[in-house]
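Chemist: Here you go, sequence then predicted model.
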Amino acid sequence: MPIRFILVAPSHPGNVGAAARAMKTMGVEELWLVAPAQYPHPEATALASSAADLLDRATVVDTLSEAVQGCTLVLGTSARLRTALYWPVMTPREAAPKLLEAAVDGPVAVVFGTERTGLTNADFERCNALIHIPANPAYESLNLSQAVQIVAYELRCAMALPRPEARRLVPLAPAEELDRLNAHMGQVLAAVAFTDRAGGGHLERRFARIFGRAELDCHEVNMLRGLLASVLVKARGGAES
Ligand code: SAH
């Protein structure tokens, strides 16, 4: 099952070990660590128990962009619902079948934030949608490894459910394709001097959120890239290269 669990900047080695154990018990085996504070670490190994192999095999990278390379569906996790302003929010139970369905075509990812502050806005920009674990509104922030456990458990339960036969004709576009689309959109916005009169700014990021939510497939990304290329040519008054 090509499902990556990505821990962004985990600060406590014990949590990394406990997350590895939570994953392995549920059959989720791909652990990615983005800039962990300490790795490897004896405390992580101790808490991983018989999941130390998964810890040893973890892929360690510097940025979230590297960790989501190739992923067609990236779901962030958030303890706070206010981030839901811009992204569709699902429970782990709703997210699990979506992840399994998309995983048929290639890697997918669930992204977890650092213990004290969670995921940053820049991290959320990399996500197609969010998972929020319903919790006590007075205290919604679970321990990192326990959040990992709940999402992994729901994946386990969903694996036992009958899966729809139909597959996508065209696979969803991987994360790096969306990066290129967003960069291209940025060029077009600049070339046509399209500014945000309604205020708020960050137009490029707002388009990135729209594209992220849309779950674009590869053909759709190509179509949009083609349109943007044509707009650039017109805007620059040149011939198409
Ligand atoms: N104060 C931080 C809490 C971070 S807890 C915040 O408000 O975001 C560390 C990580 O555990 C989070 O980034 C998320 O990945 C996960 N987590 C904790 N509670 C969660 C919840 N209720 N729903 C989804 N993920 C949660």
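Modeler: Noted; the coordinates are in hand.
Chemist: Please, where are all the strands along the protein?
Modeler: With strands called from DSSP state E, the chain shows them at 3-8, 30-34, 59-61, 73-77, 89-90, 108-112, 129-131.
Chemist: Just tell me which of those strands ends up closest to Gly226.
Modeler: Proximity of the strands of the chain to Gly226 was assessed by C-beta to C-beta; the nearest stretch is strand 73-77, lying at 23.8 Å. Just so you know, the C-beta spots here come from the backbone N, C-alpha and C atoms, and that holds for glycine as well.
Chemist: The top helix by length along the chain: which residues count as buried?
Modeler: If you go by DSSP state H, the chain has its longest helix at helix 218-236. Neighbour counts over helix 218-236 (16 or more other C-beta atoms under 10 Å) mark 220-221, 224, 228, 231-232 as buried.
Chemist: could the strands of the chain go into TSV alongside mean neighbour count?
Modeler: What follows is these, written out as TSV (neighbours: other C-beta atoms under 10 Å):
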stretch	mean neighbour count
strand 3-8	24
strand 30-34	21
strand 59-61	14
strand 73-77	26
strand 89-90	16
strand 108-112	27
strand 129-131	22
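Chemist: As TSV, the ones you listed with mean pLDDT and distance to Ser50 would be great.
Modeler: Converted to TSV, the strands of the chain look like this (pLDDT from 0 to 100; distance: least, C-beta to C-beta, whole Å):
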stretch	mean pLDDT	distance to Ser50
strand 3-8	98	17
strand 30-34	98	14
strand 59-61	98	20
strand 73-77	97	25
strand 89-90	95	31
strand 108-112	98	22
strand 129-131	96	27
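Chemist: now those strands as CSV including distance to Asp123?
Modeler: Output for those, formatted as CSV (distance: least, C-beta to C-beta, whole Å):
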stretch, distance to Asp123
strand 3-8, 6
strand 30-34, 9
strand 59-61, 13
strand 73-77, 6
strand 89-90, 15
strand 108-112, 7
strand 129-131, 11
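Chemist: Show me what from this structure comes close to the ligand.
Modeler: Proximity of the chain to the ligand (C-beta under 6 Å from any ligand atom) is limited to residues 77-80, 112-113, 115, 117-119, 131-133, 135, 140-142, 144, 147.
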